[in-house]
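S.K.: starting from these lines, generate the structure:
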Amino acid sequence: MEQASSGRRRRFHSEEFKAQAVQASKQPGVSLASIAMANGINANLLRRWVLAAERPGVEPVARSTAPVGFIALPMPAAPATTNEPIRIEVQRGPITIAVMWPASAADACAAWLREMLR
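M.R.: Model (predicted):
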């Protein structure tokens, strides 16, 4: 058994236990709830096991506790720096305001724009 951080314990059931519970639930006139109660498990958990057993060839995905190493991903090349100025146009009704800002001062342009949009 594994201790969870909230103080609750997670129970792990063997494949044999699961198979026995699923087989018992297939008997005529037996309810899943009664089989679950008799085995000390939740009926929803038993239903999940039954559905998994009915789907042949579908295995549950095992989670690995091993840490994943670094995976290098290709990154697009940084765009070439440009000397083109930043151009901002704001239109409100019949009035249009155009602002040209040097690209070398993009940070100052962003700060100015944030202030204007407040």
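S.K.: where do the strands of the protein begin and end?
M.R.: 2-3, 9-10, 86-92, 95-101 (DSSP state E).
S.K.: what's the pLDDT at the nearest residue to V22 once chain neighbours are set aside?
M.R.: Leaving aside its sequence neighbours, V22 sits nearest to A53 (Cβ to Cβ, 6 or more residues apart in numbering; 4.8 Å). Quick note: C-beta positions are derived from backbone N, CA and C, even for glycine. pLDDT, A53: 87.
S.K.: I35: neighbouring residues, count only.
M.R.: Close neighbours of I35, defined as other Cβ atoms under 10 Å, add up to 21.
S.K.: in contact with it, which residues?
M.R.: The contact partners of I35, taken as Cβ atoms under 8 Å, 6 or more residues apart in numbering, are A21, A24, S25, L46.
S.K.: tell me the spacing between it and E54.
M.R.: According to Cβ to Cβ, to the nearest Å, I35 and E54 sit 16 Å apart.
S.K.: flag the shaky bits of the protein, pLDDT-wise.
M.R.: For the chain, applying pLDDT under 70 flags the ranges 1-6, 57-64, 79-80.
S.K.: please report phi then psi for the residue lying farthest from the centre of the chain.
M.R.: No residue in the chain sits farther from the centre than P94, which is 46.9 Å out by Cα atoms, centre = their mean. Dihedral pair for P94: phi -80, psi 0, per degrees, to the nearest 10.
S.K.: and it, what does it touch?
M.R.: With Cβ under 8 Å, 6+ apart, P94 has no contacts at all.
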